[in-house]
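Novice: no letters, just coordinates:
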C-alpha cells in the first residue's frame, strides 16, 4: 500500500494515539507514527505538541526515519525554539556519523533551522563538515554557510567561514567548487560593498576547469560568476570565451543563456578584426535558434533575450530571419515578440521576404497581432528606405479593406512615413481623408489631424475637416485636443484670411474653457505669438521638422549594456534593471559591460564626442548623440530639435519674451538672461513679464550686480576676486536639484565652483554637465565628478576645472553662459553671466613702447569712457588690487594733482585691452578710459573693474 493512507485518517484523539506510537519500542511502529505526523503537518494540522516525542526518534540509524524527523524539526523549530535546543546534541553527533549521507543531512537541516539560539552551537559541526573528506558533505556545508550568513552575518564573519568558503573554490571536486561559488555569490549580492569574490586569473582558471565536470546548475553558478569578472586584456577575454563556448551546445537552456551572457560581455573586449570574433558570432547563432524549438513559455523567455542581443549585435542573427516567422499555433505573446525581432533584423537583403510575411499577418484574426503587423510594415518603410514605396502601397491596399482597426493603424504609421520622407508620398492624402469618419481611436484621430494640419495647403477643404473635429472638442482625449490646436494654428498661418474665426474659436476653447494645464499653456503661447509677432510664429510653428530616426523603440544604450549583463534572468524578460522591480534590503549592484578596446567600437552608431568637449574626455559621462539625453545635452550640434533657430528674430524691442528662451536674442531683453533663463533647445514658457524699455544698450549694471551681489562678498587675499555663490538653478525649476555657484581664477586656471543641493525625496546620481557654445569658448576641462550618490537634503561642493578651447559663438550679452546639467532624473538648463576678469591672463603686462604704439594705433572711435563711483581707494591700493586680478599697471603719472594709471590686460582669446584710470585724491569717483580692437568687450571690462575695486 502507498503512503497515501496516512492522509485519509479522520480519527478523534489522534494526537494522543500518535504520542503513544512515537514512544513505542518497535521501530516499524515508530516509523509509521512519524509518517502520520508528517502527513498531518503537510495538510496543515498543528502537531507541534508532539515535538519532544518526535525529537526522541532522532536517535536512530534508519536514514528514512531520520529524514522525516529532520523535516518535522525544520518546520516547528521556529515556533518551539526552546525545545529545538534538545536536538542540538543529535546534530553534533550526526555530523560525525560514519555515513556521509547522514553527515550531509545533519548539516543541511542545521542550515534550515532559522533559530538564533541554536546558531552558535552549530558552528563547530559546520567547521568540521567544511573540511570533511567526502565532497558530498563539503558541497552541502558550503550552501549551509550562505544560509547561516542570512541568519547571523556577523557570526559567520567572526568564525572565519568566509575564508574557508574562498578556499573551497580551489577544491578538487567540481560540485564543491560550484556550490562554494553559489554561496559566495549569494552572500556578495546581499553585501555589494564586500569584495568576497576576489577573482583573479588563477581562480578563473580553476572555475573554468570545474565548469566541464559539474552538474548543469553548478555550471550556471560558475558561468554567472565568470560574467562578473573583467579580464585584464583581450587575450584573456578570448581564452575565457574559447573555454566557455562548448557550453552553448548544452541541453539545458539556462546553461546556454548563461554562456551567451559571458560571451556577449567578453566580446566587448575583442577586436572586430580578429578571425576569432567572426567565428564566435557564427557560433552564437545556432544555440539561440535551437532555444526557439522549446515549449512556448521557454520560447518567450528566449525571444525576450534575443531581442536584447539583436539590439546589441544584430550581425549574430542577420541570416536567421526565417526562424522568427510566426507559426499559426504560436501563442499571441510569442507572435508579438517574434514580430518585434523581425523588424529589428529587417534589412535591404531580406525586406521582400519580410513584407510578404507581414502582409499575410495583417489578414489574421487576432486583432492585437494584426495591429502590430500593420505598424511593423510602417517601421520597415522607415528603416529600409528602398522598401518605402512597397510598404506604402501595401498600407494603401490594407486601407482599402475598410477593416476599422487596420485603417486606424495604417494612418498612424503613414504619418511617421511622411515625417521620414517629406514631399514623397503625399499623393495618398486623398485616400486617407476618405476614411475620416471611421476613426474613433485617439492615436489615429491625432495622426489624421496632424496630416491635415501639416499639408493644409494641399487639401482644399482642410478647414472643413478640422472644423468637423472641433465640434466635439471637449469630448476628445488630450492627445487629440493638443494636435487639433496645433493643426488649426498651422492652417491659419498658411491660409490666414479664410480661417481667422476657426483659430479664434480653438484658442478660446483651449485657454478659457479647458482645465488641462498642458493644453492651456500651449494655447496661450500660440495666442501671444500670433498677437505679438506672426513672423516669429511662422518660424516656430512651421519650422522644418527633423527627420524621425528608424528605430524609435530601441532601449537606451546604457540600459541595454546593463541588461546584457543580466541575460538569462528576470531582468532580461522585463527589459528593466533589477532595482526597478526588486524591493527589499538587498543592494542591487549596477552592472555594465567592460570598456571596449580601441578597435572594437559598437556597430550601431559611432560614438562621437559632444562638440566642444575635449576629445575622449566626456564620453563616459555625457550620453552619445544617438540617445535622447545626448540630443538634449549636445546643444551645439546643429540646429535645435524643436523651436526656432538660435538666430535673432524680428520680435520688436521691448516685447515680452513669449517663447521663454527660444530665441537667444531675447535673453538681453529679459535683463541679461539671468539665472534660470533656459537654453535654445527647450520649450519652456516664461510667464508674461512687463514690457522692457527699448533703450537696452545701456550698461547692464543691475543685471550683474544682482547676480554677483556687488555690495557684499569678501575679496580673497591671493588670486583674483571671487564673487559669493549665487543660486543659478532654483530647486523648483529642476525637480528638487538646486545649483549655486561662482567662478574663480587661481594661478592661471579657471574653475566653476558649484554647490549641488538635493531638495527632492529621491537619491540623485549620474551627474554630467555641458556648456553651449559661448563667446570665449569656455568648456569643462573634465567630467563633473560627484563621487557618491546625492541623498535627499544633502549638499555637495564641487570645483569643475574649465578651459577655453571649446566652440565659440558670440553671445548676447557677451558673457552669457548656457549650461545643461543631467542627472538620473532629467536634464536641466540654466544660464548665468560669468565675470570677465576670470579670463584675464597672467601675461597681460605690455611693454611701455608697445603700449604707446598700440594706443595710437587703435582708432579713437574705439575708445569708451566709464565712471566708477563710490570707491575710496588711493592709487597704490587700486593698482595692487587690480594686479591681483591680472590688470597690470605699466606707468603712473601725476597730472594737475590727478593720478593717472596706464594699464593693460589680455583676454584668453588674445584680445588686448588698454586702460587709462584717472584718480583724484579725496574724490571717490574715478574716470576709466578703455581702448580695444574689439570695442564690445569694453563695457564688460569696466564691469570687471568695478567688481574688483568695490570688493
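Specialist: Alright, I've got the coordinates. From a predicted model like this one, the values you see are computed outputs, not experimental measurements.

Novice: so, low pLDDT: which residues of this protein?
Specialist: In the predicted model, the chain carries pLDDT under 70 at residues 1-13, 192-195, 549-553, 584-590, 596-719.

Novice: domain map for it?
Specialist: With domains defined by the TED database, the chain comprises 441-542, 726-834, 839-950.

Novice: make CSV out of these and add distance to residue 137.
Specialist: For the C-beta atoms, the positions are set from N, CA and C on the backbone; glycine is no exception. Formatted as CSV, these follow (distance: least, Cβ to Cβ, whole Å):
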stretch, distance to residue 137
domain 441-542, 63
domain 726-834, 44
domain 839-950, 73
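
Novice: any buried residues in stretch 316-326, and which?
Specialist: Residues of stretch 316-326 classed as buried by neighbour count (16 or more other Cβ atoms under 10 Å): 316, 317, 320, 321, 323, 324, 326.

Novice: looking at those residues, spot the one nearest residue 569.
Specialist: residue 316 (19.8 Å; Cβ to Cβ).

Novice: how about that closest one: what's its closest non-neighbour residue?
Specialist: residue 284 (5.0 Å; Cβ to Cβ, 6 or more residues apart in numbering).

Novice: likewise for residue 871?
Specialist: Counting by Cβ to Cβ, 6+ apart, residue 871 lies nearest to residue 949, which is 5.0 Å off, once chain neighbours are set aside.

Novice: ditto for residue 804
Specialist: residue 908 (4.3 Å).

Novice: how far does stretch 160-176 sit from its chain's centre?
Specialist: Computed by Cα atoms, centre = their mean, to the nearest Å, the chain-centroid distance of stretch 160-176 equals 38 Å.

Novice: please apply the same query to stretch 454-472.
Specialist: Computed by Cα atoms, centre = their mean, the chain-centroid distance of stretch 454-472 equals 40 Å.

Novice: who's in contact with it?
Specialist: 418, 426, 429, 433, 436, 445, 449, 452-453, 476, 480, 484, 487-488, 490-491, 494-495, 498-499, 502, 505-506, 509 (Cβ atoms under 8 Å, 6 or more residues apart in numbering).

Novice: now, of those residues, which are buried?
Specialist: Those of the contacts of stretch 454-472 that meet the buried threshold are 418, 429, 445, 449, 452-453, 476, 480, 484, 487-488, 490-491, 494, 499, 502, 506, 509, by 16+ other Cβ under 10 Å.

Novice: so which of these sit within strands?
Specialist: With strands defined by DSSP state E, no entry of those lies inside them.

Novice: which of these fall in helices?
Specialist: Among the buried ones among the contacts of stretch 454-472, DSSP state H puts 418, 429, 445, 449, 452-453, 480, 484, 487-488, 490-491, 494, 502, 506, 509 in helices.

Novice: buried sites along stretch 344-351?
Specialist: Neighbour-count burial for stretch 344-351 flags 344, 345, 346, 350, 351 (criterion: 16+ other Cβ under 10 Å).

Novice: will you turn those into TSV that also has distance to residue 914 and secondary structure?
Specialist: Converted to TSV, the buried residues of stretch 344-351 look like this (distance: Cβ to Cβ, whole Å; DSSP: H, G, I helix; E, B strand; the rest coil):
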residue	distance to residue 914	secondary structure
344	64	helix
345	67	helix
346	66	coil
350	71	coil
351	68	helix
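
Novice: and of those, the nearest to residue 242?
Specialist: Of the buried residues of stretch 344-351, the one sitting nearest to residue 242 (Cβ to Cβ) turns out to be residue 345, at 27.5 Å.

Novice: for the buried residues of stretch 344-351, give me CSV that also has distance to residue 179.
Specialist: CSV is the format used below for those (distance: Cβ to Cβ, whole Å):
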residue, distance to residue 179
344, 39
345, 40
346, 45
350, 46
351, 50
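
Novice: closest to residue 300 out of those?
Specialist: Taking Cβ to Cβ as the measure, residue 344 is the one of these closest to residue 300, at 16.5 Å.

Novice: pretty sure that closest one sits against residue 307.
Specialist: Yes - counting by Cβ atoms under 8 Å, residue 344 does reach residue 307; the two are 7.2 Å apart.

Novice: please enumerate the strands of the stretch 751-900 of the chain.
Specialist: 768-771, 779-780, 795-803, 816-822, 827-833, 863-868, 888-895, 898-906 (DSSP state E, counting those that start in this stretch).

Novice: now the third one, how far from the chain's geometric center?
Specialist: In this case it means strand 795-803. For strand 795-803, the separation from the chain centroid amounts to 22 Å (computed by Cα atoms, centre = their mean).
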